[in-house]
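Colleague: Give me coordinates for this.
(2 chains)
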There are 2 protein chains.
Amino acid sequence: MLPDELIQGNDSRILFYILDGLGGTTDPERKTTELQAARTPVLDSLAARSETGLVVPVLPGIAPGSGPGHFALFGYDPVENNIGRGVLEAAGIGFELTEGDIAIRVNFATVDDDGRILDRRAGRIPTSECERLCSIMREAIWLGGGAEVFVEPVKEHRAAIVLRPSGAALADGIGDTDPQETGVPPLPISPQRPEAEPAAELLRTLLEQVTGPLAEAGNPSYYPLLRGIARYRRYPRMHERFGLSAVAVATYPMYKGISRLLGMQVHEGASDLAGQLAAVEGYWSSHDFFFVHYKATDARGEDGDFDAKVAAIEEADAALPGFLDLGPEVVVVTGDHSTPALVGAHSGHSVPVLLHSAVARWSGVETFDEITCARQGTLGTFPMMQLMGLALGHADRLQKFGA
Amino acid sequence: MLPDELIQGNDSRILFYILDGLGGTTDPERKTTELQAARTPVLDSLAARSETGLVVPVLPGIAPGSGPGHFALFGYDPVENNIGRGVLEAAGIGFELTEGDIAIRVNFATVDDDGRILDRRAGRIPTSECERLCSIMREAIWLGGGAEVFVEPVKEHRAAIVLRPSGAALADGIGDTDPQETGVPPLPISPQRPEAEPAAELLRTLLEQVTGPLAEAGNPSYYPLLRGIARYRRYPRMHERFGLSAVAVATYPMYKGISRLLGMQVHEGASDLAGQLAAVEGYWSSHDFFFVHYKATDARGEDGDFDAKVAAIEEADAALPGFLDLGPEVVVVTGDHSTPALVGAHSGHSVPVLLHSAVARWSGVETFDEITCARQGTLGTFPMMQLMGLALGHADRLQKFGA
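Modeller: Numbers count the residues shown, from 1 in each chain, chains lettered A, B, ... in the order given. Here you go, the predicted structure:
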């Protein structure tokens, strides 16, 4: 498979500076996108001496979740490797998944005496209460020879369940039990294909075992809503595919989880770009691929706050020189998808990308934004999953293909 | 399959304003394309506030027929779903095809006493004469237990034959009998693969049965040339794939036929853009996808008449405001392929596309043509079959992909 079969080692370093949800769209009042409105002297100056273009995370018009977006960024086909929410949740808290595990995201809800949902998040209980509920569940569950069960708190009302089959393998393909509304009972466990019935049966048993103890644990009663029920399979690691010793310096659990699934070392403890820079400096001599993840661009886009997203972009721009000063051979600045403030959610718009290296063609653009990337970019518009090969090529980490 | 699995409903409306054969190429005398030469104030003004780009119907350099061009427009892989000419002809006259039917396009020709073709179109006989010849054929044909046979007039010298297997399924893969020249006899029925032999044998019998009666029916003798022999298979309908209630407002039978094959409601009776607008208004509250087909751009391109194609484009531009005033959430303006006047035929050039919605990035282009779409478009150049997903995304009709 390309580009994997062409990998050659060297001592170059690649920096992926990922501004989550970077891409925006034109605000009809302001007549600019967030990136056009932002003052980004560092990116603008870099873009002139860089290749620029647009990347399509999945397909035109399709808004990816964070899983597919990051898989595509790191050169993994986002459709073939579509990762379930449960797997993402378990990986995010550092749970060591084993091939064949069924991972489930849990929301602790509250229900009335007739079992109808009162609050899908149980009033966003503190994490300590979540830990107590997880303990109660652990004590109540025993699935016999079917599966070993792990129940792990995540944060506030969120937890993760992992079923590890003791005997026969378990298939996924089971719908969420979260009806996404209140005043109605949770949905029943419903397998969407016959192979999923054994796992469904185990989950029915599990719910029967915990319903009583969780009802007694609170007033109103607690109840676990199950979401994103997904089988884990091992992905080839980045060092296996690309020979890269990669480290992820992210501040949010989900991005750490994704990085872990791809075999990156995951830094713990950084909470802002200054901390992330310090962390990257610490790994500079031991690693050659650096994934720096910045969340605020996506968060402010999801808030629908144009000006706040502009400010978030400007903050990331101002922090970039510290990373550039380390002297990475290849710098990629892009996002895992677009989150236009106008949309207030992940969107299917393409994402502006900048790639800097000593052998980059100079786009000569004077600003870095969606429109200049489209109009004047040297890279055109291409599938995001091809970006990693491009970065490897610029790092001289790919042999010639064919004779 | 993407984007189908992400479909969510809402009350948005999507307008596909299709100028057949829209794309052109540079005329060396005038140094412009047809679209550059045309005065298109409506499209120009819309383009500034729209995404623009270029779409490739099949592959660069490949000129598609109307079938593949429209299949790609509506999000169907034009190669995987390559539709036979016979199927297109039968669907065009509203014939209700059944899975497994073998559909054949017929040209009534005239032949001399030695069976050599005199006129491949029998002097473009009137449709009433075609109807008489079809009756004669119907009376003469009896294929026993092999297949039920339908013979239907189309227009002038053109008709359609449908073989509906009574017992074992029939395979297609049989060459045309039309030698595409006069003074020679028709080609024999020649199966191009062994599985096609049973259908070939039925067609040989059919030709034996009709040759005598058709020879007696005219002077010189009539003879049916068989073309585009193709097995029909049912395509998933647009409402099945995309949850869209689609209506086609076209003026030519072939485009109605294609629309019918994809499950669109087909409007009858509109003969020009004014009539088409009135029709669309009538469907506005009952449908959510509107396919408006304009033929003149292709016809004038095929005539090789640059100025006439320019005039056709201007006519379509002038009619567009009526459709825009209805307030569709998403507007797509493009063609099913290019028909440059310089070529005088369908060509393999990419096709300019404009997509307008409330969340579109503003390309800021001041004119809508092939060159500005390439230079300044926000969408880049992409496969035409991805356009439908883009339109659905802009209509907020796609859920997020993955967690």
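Colleague: tell me the phi and psi of A:Ala319?
Modeller: Main-chain dihedrals, A:Ala319, degrees, to the nearest 10: phi -80, psi -10.
Colleague: Please give me every residue in contact with it.
Modeller: Contact analysis of A:Ala319 by Cβ atoms under 8 Å, 6 or more residues apart in numbering or on different chains lists A:Leu273, A:Ala274, A:Leu277. C-betas here are computed from N, CA, C, even on glycine.
Colleague: Next one: the residue nearest to the first one when sequence neighbours are not counted from B:Leu277, what distance?
Modeller: In space, not counting the residues next to it along the chain, A:Leu273 is nearest to A:Ala319; the distance is 3.9 Å by Cβ to Cβ, 6 or more residues apart in numbering or on different chains. In this view, A:Ala319 and B:Leu277 are 54 Å apart by Cβ to Cβ, to the nearest Å.
Colleague: Where does the stretch 151-300 of chain A get nearest to chain B, residue-wise?
Modeller: Relative to chain B, the nearest point of the stretch 151-300 of chain A is A:Gly228 (5.8 Å; Cβ to the nearest Cβ).
Colleague: Quick check: chain neighbours aside, which residue is closest to that residue?
Modeller: Spatial nearest neighbour of A:Gly228, chain neighbours left out: A:Arg85 (2.6 Å); criterion: Cβ to Cβ, 6+ apart.
Colleague: For whatever residue of the stretch 251-400 of chain A ends up closest to chain B, grab phi and psi.
Modeller: With Cβ to the nearest Cβ, the shortest gap between the stretch 251-400 of chain A and chain B falls at A:Thr381, namely 2.9 Å. Main-chain dihedrals, A:Thr381, degrees, to the nearest 10: phi -110, psi 130.
Colleague: Tell me, how many residues neighbour it?
Modeller: Neighbour count for A:Thr381, taken as other Cβ atoms under 10 Å in any protein chain shown: 22.
Colleague: And the strands in chain A?
Modeller: Taking DSSP state E as the test, the strands found in chain A are A:14-19, A:51-56, A:102-111, A:117-119, A:147-155, A:158-165, A:221-231, A:246-249, A:265-266, A:289-294, A:330-334, A:351-357, A:381-383.
Colleague: do you know which of those lies nearest B:Gly75?
Modeller: Counting by Cβ to Cβ, B:Gly75 lies closest to strand A:51-56 out of those; the figure is 16.0 Å.
Colleague: what residues does the stretch 151-300 of chain A put near chain B?
Modeller: With Cβ under 8 Å from any Cβ of the partner chain as the criterion, the stretch 151-300 of chain A comes near chain B at residues A:Gly228.
Colleague: same thing but at 10 Å, please
Modeller: Within the stretch 151-300 of chain A, the positions near chain B by Cβ under 10 Å from any Cβ of the partner chain are A:Arg227, A:Gly228, A:Ala230, A:Met254.
Colleague: Any idea what the third one is bridged to?
Modeller: So the one you mean is A:Ala230. Beta bridges link A:Ala230 to A:Ala103, judged by DSSP bridges.
Colleague: Find the closest residue to chain B in the stretch 51-200 of chain A.
Modeller: Closest point on the stretch 51-200 of chain A to chain B, by Cβ to the nearest Cβ, is A:Gly61, at 2.7 Å.
Colleague: Would you mind confirming that A:Ala217 makes contact with A:Pro224?
Modeller: No - contact criterion Cβ atoms under 10 Å: A:Ala217 and A:Pro224 do not qualify, at 11.1 Å.
Colleague: shared neighbours, these two?
Modeller: Residues touching both A:Ala217 and A:Pro224 (Cβ atoms under 10 Å, 6 or more residues apart in numbering or on different chains) are A:Phe108, A:Leu133, A:Met137, A:Val210.
Colleague: Most neighbours among these, please name it.
Modeller: Ranking these using other Cβ under 10 Å puts A:Phe108 first, with 28 neighbours.
Colleague: Does that one touch A:Ala159 like I think?
Modeller: Yes - assessed by Cβ under 10 Å, A:Phe108 is found in contact with A:Ala159 at 6.8 Å.
Colleague: Now do the shared contacts for these two.
Modeller: Jointly contacting A:Phe108 and A:Ala159 under the rule Cβ under 10 Å, 6+ apart are A:Cys130, A:Leu133, A:Cys134, A:Met137, A:Pro153, A:Pro224.
Colleague: quick one: which two of those residues are the most distant?
Modeller: It's A:Pro153 and A:Pro224 that sit farthest apart of those, by Cβ to Cβ, at 11.9 Å.
Colleague: Just want to know which of these two has more residues nearby.
Modeller: Legend: neighbour count by other Cβ under 10 Å for A:Pro153 and A:Pro224, higher for A:Pro224 (26 against 21).
Colleague: so who does the more buried one touch?
Modeller: Contact analysis of A:Pro224 by Cβ under 10 Å, 6+ apart lists A:104, A:106-109, A:122, A:133-134, A:137, A:151, A:157, A:159, A:161, A:177-178, A:186, A:206-207, A:210-211, A:214.
Colleague: and it, what pLDDT?
Modeller: We note a pLDDT of 97 for A:Pro224 in this prediction.
Colleague: Show me what it bridges to in the sheet.
Modeller: Beta bridges link A:Pro224 to A:Phe108, judged by DSSP bridges.
Colleague: Around chain B, which positions in the stretch 1-150 of chain A sit nearby?
Modeller: Applying Cβ under 10 Å from any Cβ, we find that the stretch 1-150 of chain A lies next to chain B at A:23-28, A:31-33, A:36, A:53-54, A:56-69, A:71, A:78-79, A:81-89, A:105.
Colleague: Report the contact partners of the residue most central in space within chain A.
Modeller: By Cα atoms, centre = their mean, chain A has its centre lying nearest to A:Ser66, at 3.6 Å. By Cβ under 10 Å, 6+ apart, the contact set of A:Ser66 is A:20-21, A:83, A:85, A:88, A:252, A:254-255, A:257-258, A:293, A:295, A:298, A:336-337, A:346, B:400, B:402-403.
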